[in-house]
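[1] Curious how this folds, go ahead:
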Amino acid sequence: MTDTKSPLRIDIVSDVMCPWCIIGYRQLATALEASNVDHEIYWHPFELNPNMPPEGQDIGEHLAEKYGTTPEQSAANRAMMTERGKELGFEFNFAEGLRMHNTFNSHQLLHWAQEQDRQNDLKQALFTAHFTHGRDLSADAVLVEIAGEIGLDRDEAKAVLDEQKFANAVRYEQQFWLQQGISGVPAVVFDRQHLVTGAQGVEIYKSILAQLTT
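    Model prediction:
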């Protein structure tokens with residue numbers, strides 16, 4: 001049982017290209033607020049598409065190629081995710097031409113932001129940049145711009161990416177979570193021992209929190 005005197009540790013393995021990751025997070029955040037649970041969130045890297053080429057891939061083509069999703073299925077899924085997002089205060093804008101991109105440098109920037117206690121802020125900004133505004137998160141200049149927009153130092157952010165300062169750290173973390181059996185995201189670990197996968201919904205998260213904190 002968690003010591004209620006210390007914050008509940010929540011580790012979330014995710015990729016900013018993953019729509020269910022932001023839906024799951026918003027569900028969890030809603031449950032945390034309703035439950036008034038003192039907590040600390042740590043984001044960890046996972047690349048849905050580690051071999052994605054620099055130019056990225058149209059999201060429809062990508063889903064068809066990777067999962068065999070038809071255009072009709074893809075449209076239905078996007079409509080459902082858009083509605084789920086709206087219920088949680090997040091705007092999905094699956095505009096024509098939205099592309100999937102490699103996120104290795106995004107994860108490096110998030111590692112750097114964690115050192116300044118701004119990781120969650122940057123993670124949310126990256127989700128919004130990709131899903132709401134369709135910005136290219138594989139472009140270093142865009143990542144630096146987003147970091148600056150939330151008040152992080154642009155020059156430091158640029159140096160992190162230019163010098164690939166946290167490349168090894170991110171690779172190590174990715175490998176660690178893969179070795180723990182994480183093969184899909186979001187994967188949420190409560191109190192370092194209770195794994196919950198997927199976007200489970202506000203009520204399920206409330207139930208989990210109640211079990212862990214009472």
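[2] all contacts plus neighbour counts: C-alpha atoms, from now on.
    Noted.
[3] which parts of the helix or strand bottoming out on mean pLDDT in the chain are buried?
    Using mean pLDDT, DSSP states H and E, the weakest-scoring helix or strand in the chain turns out to be helix 59-67, at a mean of 78. Residues of helix 59-67 classed as buried by neighbour count (16 or more other C-alpha atoms under 10 Å): 59-63.
[4] and of those, the nearest to Asn120?
    Looking at the buried residues of helix 59-67 and their distance to Asn120, the nearest is Ile59, at 25.3 Å (C-alpha to C-alpha).
[5] could you pull out the helices for this protein?
    19-35, 59-67, 71-87, 104-114, 119-127, 140-149, 154-162, 167-179, 202-213 (DSSP state H).
[6] most packed of those?
    helix 104-114 (a mean of 22; mean count of other C-alpha atoms under 10 Å).
[7] Now do it against helix 167-179: the angle between them, please.
    Interaxial angle, helix 104-114 versus helix 167-179 (axes from the mean of the first three to the mean of the last three C-alpha atoms, to 10 degrees): 100 degrees.
[8] quick one on the thing from earlier: between the helices of the chain, which gets the lowest average pLDDT?
    The weakest mean pLDDT among the helices of the chain belongs to helix 59-67, with a mean of 78.
[9] Pull the residues that contact that one.
    69-71, 74, 97-100 (C-alpha atoms under 8 Å, 6 or more residues apart in numbering).
[10] and Asp58, what does it touch?
    Contacts of Asp58 by C-alpha under 8 Å, 6+ apart are 97-100.
[11] hang on, the earlier thing: looking at the contacts of helix 59-67, which are in strands?
    99-100 (DSSP state E).
[12] Between the contacts of helix 59-67, which sits nearest Val37?
    Nearest to Val37 among these is Met100, at 34.6 Å by C-alpha to C-alpha.
[13] can you count the residues close to the closest one?
    When neighbours are defined as other C-alpha atoms under 10 Å, Met100 has 26 of them.
[14] That one contacts Val16, doesn't it?
    No - look at Met100 against Val16 with C-alpha atoms under 8 Å: they stay out of range, at 10.0 Å.
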